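Enquirer: sequence? don't have it. structure:
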């Protein structure tokens with residue numbers, strides 16, 4: 001499983017069993033016998049096959065959370081995403097897409113709150129696991145990509161207040177950067193993602209003015225990744241160091257409120 005996701009083999013077990021939805025807890029505590037299912041690969045599946053303790057098959061509606069509790073056997077996406085973001089950082093650095101960190105204090109953009117309308121994750125996939133790719137031109141004039149894990153961003157229609165640093169502006173040549181928000185469906189191969197993004201971004205040269213890079217990142221994604229692996233959720237163009245307040249995403253699927261933040265060096 002680790003190899004299929006482009007992760008180090010020494011990561012350890014990546015399978016887990018969990019309730020498909022938190023709303024099922026009440027029925028489970030009341031004594032309802034749960035069904036067991038595996039996460040379906042297709043986000044747009046109409047039905048899900050589940051099994052009872054006798055091995056009999058039950059066909060569940062994929063578009064609505066079942067009344068009966070269901071245990072899902074799937075990938076531990078939280079563990080995989082944490083390791084996957086490390087892979088992205090390592091691969092982007094190896095390919096020259098992440099220059100050296102600047103010394104001293106620096107200005108940052110901090111996320112005060114964030115919400116997505118559709119996390120691209122149906123009930124039979126469990127909670128979402130999201131990460132962002134922040135792109136711009138580094139101090140060396142080369143395209144830079146920083147991967148940012150957002151493990152708190154679990155459910156759509158929920159406002160989160162992470163106070164998370166999104167951009168370290170000392171790493172960027174221009175006062176602008178782009179953000180692409182993505183979601184790991186369990187099938188994400190982080191090594192392949194890094195290679196695909198790097199192959200496109202390395203062809204873009206600094207022309208003395210800022211060039212938006214969201215479209216280049218999205219163009220790097222194979223067509224299959226628009227359906228399940230990994231899902232594109234939202235993007236923000238031309239985020240500036242001075243940006244503050246609410247910023248709506250380009251597709252209308254999400255928003256975040258941000259503020260400039262000075263990070264002092266000890």
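Expert: Looks like it came in fine. Fair warning: this is a prediction, and the values are worked out from it, not measured in the lab.
Enquirer: Could I get the contacting residues of residue 248?
Expert: Counting by Cβ atoms under 8 Å, 6 or more residues apart in numbering, residue 248 touches 254, 255. Glycine gets a C-beta too; all of them are placed from N, C-alpha and C.
Enquirer: Could you report the distance from it to residue 115?
Expert: 11 Å (Cβ to Cβ, to the nearest Å).
Enquirer: Name the residues contacting each of those two.
Expert: Common neighbours of residue 248 and residue 115 (Cβ under 8 Å, 6+ apart) are 254, 255.
Enquirer: Tell me how far stretch 65-85 lies from the chain's centre.
Expert: Computed by Cα atoms, centre = their mean, to the nearest Å, the chain-centroid distance of stretch 65-85 equals 14 Å.
Enquirer: can you give me the end-to-end distance of it?
Expert: Stretch 65-85 stretches 30 Å from its first residue to its last (Cα to Cα, to the nearest Å).
Enquirer: Next: stretch 35-47.
Expert: 14 Å.
Enquirer: And that stretch, what's buried?
Expert: 35, 37, 39, 40, 43 (16 or more other Cβ atoms under 10 Å).
Enquirer: which intervals of the protein have sub-threshold pLDDT?
Expert: Applying pLDDT under 70 to the chain flags residues 41-43, 99-103, 119-122, 126, 185-186, 222-230, 266.
Enquirer: Going along the chain, name the helices of it.
Expert: 25-29, 77-94, 190-201, 214-220 (DSSP state H).
Enquirer: For residue 106, find the nearest of these.
Expert: Ranking those by proximity to residue 106 (Cβ to Cβ) places helix 77-94 first, at 18.0 Å.
Enquirer: Could you pull out the buried residues of the closest one?
Expert: Buried residues in helix 77-94 (16+ other Cβ under 10 Å): 77-85, 87-92.
Enquirer: circling back: okay if I get the helices of the chain as TSV plus distance to residue 6?
Expert: Formatted as TSV, these follow (distance: least, Cβ to Cβ, whole Å):
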stretch	distance to residue 6
helix 25-29	34
helix 77-94	6
helix 190-201	3
helix 214-220	15
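Enquirer: excluding its backbone neighbours, what's nearest residue 1?
Expert: Ranked by Cβ to Cβ, 6 or more residues apart in numbering and with sequence neighbours excluded, the top spatial neighbour of residue 1 is residue 14, at 4.6 Å.
Enquirer: Looks like the one you found contacts residue 80 (just checking).
Expert: Yes. Using Cβ atoms under 8 Å, residue 14 is in contact with residue 80, at 5.7 Å.
Enquirer: Between these two, which contacts overlap?
Expert: With Cβ under 8 Å, 6+ apart, residue 14 and residue 80 have common neighbours 5, 7.
Enquirer: show me where the protein has strands.
Expert: Counting by DSSP state E, the segments of the chain that form strands are 15-19, 35-38, 47-51, 57-61, 70-75, 106-116, 130-137, 143-150, 164-168, 176-183, 231-240, 245-248, 254-263.
Enquirer: out of those strands, nearest to residue 191?
Expert: strand 143-150 (12.6 Å).
Enquirer: residues making contact with the closest one?
Expert: For strand 143-150, contacts defined as Cβ under 8 Å, 6+ apart pick out 81-82, 85, 88-89, 92, 97-99, 114, 130-138, 162, 164, 166-168, 171-172, 181, 197-198, 201-202, 204, 213.
Enquirer: returning to what we had before: distance to residue 2 for the strands of the chain - can I get that in TSV?
Expert: Shown next, in TSV, are the strands of the chain (distance: least, Cβ to Cβ, whole Å):
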stretch	distance to residue 2
strand 15-19	11
strand 35-38	18
strand 47-51	26
strand 57-61	29
strand 70-75	10
strand 106-116	28
strand 130-137	18
strand 143-150	18
strand 164-168	27
strand 176-183	20
strand 231-240	21
strand 245-248	36
strand 254-263	30
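Enquirer: Select, out of those, the one closest to residue 5.
Expert: That would be strand 70-75 among the strands of the chain, by Cβ to Cβ, at 7.7 Å.
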